[in-house]
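Visitor: no sequence on this one, just coordinates:
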């Protein structure tokens, strides 16, 4: 069984940046070194601002390092929904923003000569069911009204028949780290910094902003929070966006057998398909099996994708497999802009809903324009405080009812009374020990780690992820390693250790 490892990370060099030591002062502090944070920092430094890119772990090893890396405006069946719930003007703006972001990436690749396997591809949303064809026909109409040259086809290069597919030409795929690492390399110097292993704990505001970390303070006039879901609870974004975990399995494939294009299913269960170059061999990337964190077995979901690859494409060799979180907003449009109404010191970007390569790039430009005092053409579209009651009310109730179910139900659910000896090395489980619930993990050396199962964000009970060997929060998506250290927020503090 292959341990999870991202192809994008394994196939690139590891840059190394020191943690913050003491205090630093810059024009703009950027929290989170994914595609949005790196791009925004790049834009701001190019505009003459000093920046500090602050990353809690390693640069480009969050969601951006675990993506499928499709650079496209074709985001499943989104345009008919946007036109219906938010209006055709919003659907047009969403299409234009993502098309513009795609072409900005393409132009930067050309201008800088960035070797990132940027390749033009058709993007196809397909169904195998005749009953869904009318839905695809409506999507084509909505996309054309939004300014996209979409068409409906009945045949594709997939090795199995489809009922229909929405095709959008002149889209792209790339290697995200090979695109972004050159931008990171240009950031340090002339008063700008990149700090790794520096977790932001809070941001205080006054005449300036002060980013509090365990290593010191970063003072800045503006702070950009690009940490997937904001680590700051002000603005209540954790209640307006819900997490979903999804998986990718990469197989070695004969180029003759490989499909030409990027594909995704129109309905559940989602199957996302593309190819990527790994030296002399070609990889087939199959993604899907999305679910709420902390629910079910991750190993079973990897196994389902492996079966799909073998049955549909005849592939056998699993080269890599990885998983990631995505956050979905209530109306499918990301939240970008002020953390809170009335203050433009702290800006946020979140909720890309699996389409972060273009949405995240557009968001970076919105954030940079706000700092530079420029009016962004996309600020109204992505406005983090927009009023979308009609589109959002049902989703808000549904998602927060799910949070309440976990918050209450998981606490009442009994854990098994099993001895610690029942845990194998690298295995974790919720156990009932001495009248208390314990998140127990045995590491590779056989040492037991006993932790409080209460997530340090808002107290929901974490669940064991049997593939990644992490503790995942089902409420708002925080993740911790087996020893309790934070992997990703919104939590910023480790799980509490319990005495034996």
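Guide: Alright, I've got the coordinates. Model, not experiment: these values are computed from the prediction.

Visitor: How about residue 133: what's its closest non-neighbour residue?
Guide: Distance criterion Cβ to Cβ, 6 or more residues apart in numbering; nearest residue to residue 133, sequence neighbours excluded, is residue 164 at 4.6 Å. Every C-beta, even on glycine, is put in place using the N, C-alpha and C of the backbone.

Visitor: Could you do residue 457 as well?
Guide: residue 491 (4.1 Å).

Visitor: quick one: that neighbour is in a strand?
Guide: No - membership of residue 491 in a strand is not supported by DSSP: H, G, I helix; E, B strand; the rest coil, which gives coil.

Visitor: and it, how far is that from residue 478?
Guide: Per Cβ to Cβ, to the nearest Å, residue 491 is found 4 Å from residue 478.

Visitor: again with residue 380
Guide: For residue 380 relative to residue 478 (Cβ to Cβ), the value is 31 Å.

Visitor: Those two: who's more crowded?
Guide: A count of neighbours by other Cβ atoms under 10 Å puts residue 478 above the other of residue 380 and residue 478, at 30 against 14.

Visitor: how about that one, phi and psi?
Guide: When read as degrees, to the nearest 10, the backbone of residue 478 gives phi -60, psi 150.

Visitor: What of residue 220?
Guide: Dihedral angles phi and psi of residue 220 (degrees, to the nearest 10) take the values phi -160, psi 160.

Visitor: so it touches residue 26, yeah?
Guide: Yes - Residue 220 lies in contact with residue 26 (Cβ atoms under 8 Å); the separation is 5.2 Å.

Visitor: shared neighbours, these two?
Guide: Counting by Cβ atoms under 8 Å, 6 or more residues apart in numbering, the contacts common to residue 220 and residue 26 are residue 52.

Visitor: what about the two, which has more around it?
Guide: A direct count of neighbours by other Cβ under 10 Å for residue 220 and residue 26 places residue 220 higher, at 27 against 22.

Visitor: Check what contacts stretch 4-21 and list those residues.
Guide: For stretch 4-21, contacts defined as Cβ under 8 Å, 6+ apart pick out 54-55, 58-61, 65-67, 69, 175-178, 181, 184-185, 188, 193-198, 213, 215-216, 218, 250, 276, 278, 283, 285, 319-323, 467-468.

Visitor: buried subset of those?
Guide: Among the contacts of stretch 4-21, those classed as buried by neighbour count (16 or more other Cβ atoms under 10 Å) are 54-55, 58-61, 65-67, 69, 175-178, 181, 184, 188, 193-198, 213, 215-216, 218, 250, 276, 283, 285, 319-323, 467-468.

Visitor: mind listing which of those are in strands?
Guide: Secondary structure from DSSP state E places 54, 193-195, 213, 218, 250, 276, 283, 285, 319-323 of the buried ones among the contacts of stretch 4-21 in strands.

Visitor: Which parts of the protein are helices?
Guide: With helices called from DSSP state H, the chain shows them at 7-10, 35-46, 79-86, 88-112, 133-145, 176-185, 298-313, 356-371, 379-382, 389-412.

Visitor: how about these, which one is nearest residue 238?
Guide: helix 389-412 (8.6 Å; Cβ to Cβ).

Visitor: any idea of the mean pLDDT in the closest one?
Guide: Taken as a whole, helix 389-412 has an average pLDDT of 48.

Visitor: what's the answer for stretch 295-315, then?
Guide: If you average the pLDDT over stretch 295-315, you get 95.

Visitor: hang on, residue 346 packs against residue 208?
Guide: No - with contact defined as Cβ under 8 Å, residue 346 does not count as touching residue 208 (11.4 Å).

Visitor: Give me the more crowded residue out of the two.
Guide: Taking other Cβ under 10 Å, residue 346 and residue 208 do not tie; residue 346 has more neighbours (23 against 14).

Visitor: Can you give me every residue that contacts that one?
Guide: Contacts for residue 346 were tallied using Cβ under 8 Å, 6+ apart; they are 203, 205, 209, 222-223, 225, 232, 234, 338-340.

Visitor: Could you do residue 194 as well?
Guide: Neighbours of residue 194 in contact, by Cβ under 8 Å, 6+ apart: 17, 33, 52-53, 55, 59, 184, 187-188.

Visitor: want to try CSV for those residues, with pLDDT as columns?
Guide: Output for the contacts of residue 194, formatted as CSV (pLDDT from 0 to 100):
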residue, pLDDT
17, 98
33, 98
52, 99
53, 99
55, 98
59, 98
184, 98
187, 98
188, 98
